[in-house]
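Novice: the sequence isn't on hand, but the structure is:
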């Protein structure tokens, strides 16, 4: 037992006073004379005994009365078991990712969590609120009431370790109470290791009742025909019993196609055929699960001619002219001696076709060309110096040429998962016409091979970056050294190596992934590009690359949709943005990751628990009651005890 005012206990010495009063009777007795006391003797003895008992009872009650009164003024209490945590600062981490859009017993998980915070957070409670998208430091529930009511879902996935890092970055002399409200979708045990040992952590994990969900994962061009695109739409189903699900395709908000689909497996791909022209729309599916992943926005720009230059002997480059035809390409070949360097920056792809040497000026130009988004294809000559090639390729990444060896080698393996061949083959094939080479360089690279020899060494590999790729062959492919020009692989390989997905593919970026995007635009110093649609407008980070502009979007836009890139009032290109699908599978909820911490059902229980565990038990009222009880007891003794 502790005392709030222990100095009052010094007054306990006052207990001596009633003792002194009872020990020394200060009252003087008066003598009375009687004629005969024979009949009073027995009564006198009885009266003397009861009087002694009464005096001791009065002494005891007065001592206890005074003692309890003094103890009451000292305000005794029992210290709370967590009294040392009374100075803790409170932080509430609220998951507002799209998985919290799922419905629980009382509605959407996020909306229910917000309502609980508004209803049960004490008005005097000071705290900090951290969400996926916003932070509110040192505030109270009244101050952020409107912000909580307007809180929107965040395109960013819930990463507990990142949010804890924000909390830990707040330097303070006090420990922390941290309340984490999340459905635990994607929560991993290693994320909880960021908590400090001295912090008091509570988890509130609401559970979704409906975990079945369908998501549209991606849209891509399955096949390019003369006048049409065949687009593939990849969907995933998490759960079971998905039958007759409607899916619809819209171009500029006009219905283009619609059908019903059934899921025999967890994934499904459905194809639509659309005209080979500008497409700026979306595909949508209807299900009873999460709503955010039911729409996938995408844009396809009308094909423009791809600019390709090959540098090398004309007689060795004739096969390229048959691949890069006039209907899709603007193709030219220049011998090194006749090359106009001013043309290089206007190209989409450049082929170095068996150059014996690469001049330093050309190397510098090509380095800048690749950095600005151009694709480069390097075919070595039989006379190439491996050291010189390695010095050149060091500008783009880790790749090494080794000494050439003379031996017949077969190309026997295709990397079907490489982006170069992702839409070429309907199924994997093993028995194709194997290309061969007579002389080949050894080639080592940290990136996976695209085409591989039978001895597992690379025949074709690449050095990719954010905007482009450098493709490197291990051997000359002229007809003297190789039959690769007669192989069925020659056309899709060279065709795809010169293509930019941003010019001929689906433009659909993921919000928050910070993927660079390059558009053809010639801007003056004062001009900037703006990205906007009917509801949102923003200016991305942009870098001028001669006749192109590289844009980085960071966390913009805030909402998925179809957008357009403008230079003032002039439309440059259409583009689309989508939410990341990492929150789509509600079965990935992992509440076990919080098993080492206190898990509580709701926010009201958290505050009640904290208050109970940290509030001292005041018992001075009981001492007041006891003092009054003994005061009443004294009155009764005075009245009834003779």
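Specialist: Cool, got the structure. As the structure is a prediction and not an experimental result, all values here were calculated from the model.
Novice: please count neighbours and contacts with C-alpha atoms only from this point.
Specialist: OK.
Novice: rounded mean pLDDT for stretch 549-569, please.
Specialist: Computed over stretch 549-569, the mean pLDDT rounds to 92.
Novice: any buried residues in that stretch, and which?
Specialist: 549-553, 555-567 (16 or more other CA atoms under 10 Å).
Novice: stretch 354-372 now?
Specialist: Buried residues in stretch 354-372, counting neighbours by 16+ other CA under 10 Å, are found at 354-356, 366-367, 369-372.
Novice: any chance of the residues you listed in CSV, plus pLDDT, secondary structure and distance to residue 387?
Specialist: What follows is the buried residues of stretch 354-372, written out as CSV (pLDDT from 0 to 100; DSSP: H, G, I helix; E, B strand; the rest coil; distance: CA to CA, whole Å):
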residue, pLDDT, secondary structure, distance to residue 387
354, 94, strand, 16
355, 94, strand, 14
356, 92, coil, 12
366, 95, helix, 18
367, 93, helix, 18
369, 92, helix, 22
370, 91, helix, 21
371, 88, helix, 23
372, 85, coil, 26
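Novice: now, the most widely separated pair of the residues you listed?
Specialist: Taking CA to CA as the measure, these span a maximum distance of 25.6 Å, between 356 and 372.
Novice: please report the distance of residue 518 from residue 466.
Specialist: 10 Å (CA to CA, to the nearest Å).
Novice: in terms of neighbours, single out the busier of those two.
Specialist: A count of neighbours by other CA atoms under 10 Å puts residue 518 above the other of residue 518 and residue 466, at 20 against 11.
Novice: can you pull out the strands in the stretch 151-300 of the chain?
Specialist: 176-181, 200-204, 213-224, 228-238, 245-251, 254-261, 267-275, 279-285, 295-300 (DSSP state E, counting those that start in this stretch).
Novice: for the third one, buried residues please.
Specialist: Judged by neighbour count using 16+ other CA under 10 Å, the buried positions of strand 213-224 are 213-222.
Novice: over to stretch 164-174?
Specialist: So, applying 16+ other CA under 10 Å, buried residues of stretch 164-174: 164, 167.
Novice: hmm, who's touching it?
Specialist: Here stretch 164-174 makes contact (CA atoms under 8 Å, 6 or more residues apart in numbering) with 87-89, 91, 194-195.
Novice: what about 10 Å?
Specialist: 85-89, 91-93, 128-130, 135, 137, 161-163, 176, 178, 180, 191-196, 198-199 (CA atoms under 10 Å, 6 or more residues apart in numbering).
Novice: of the residues you listed, select the buried ones using a PyMOL command.
Specialist: Selection command for PyMOL covering only the buried members of the contacts of stretch 164-174, criterion 16+ other CA under 10 Å:
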select buried, resi 85+88+89+91+92+93+128+129+130+161+163+176+178+180+191+192+195
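Novice: determine which stretch of the strands of the stretch 151-300 of the chain is the most buried.
Specialist: strand 295-300 (a mean of 26; mean count of other CA atoms under 10 Å).
Novice: for the very next helix or strand once past it, name the packing helices and strands.
Specialist: Downstream of strand 295-300, the next assigned helix or strand under DSSP states H and E is strand 306-311. In terms of contacts (3 or more CA pairs under 10 Å, 6 or more residues apart in numbering; DSSP states H and E), strand 306-311 is packed against helix 318-323, strand 329-334, strand 349-355, strand 375-380.
Novice: kind regards, and thank you for your time.
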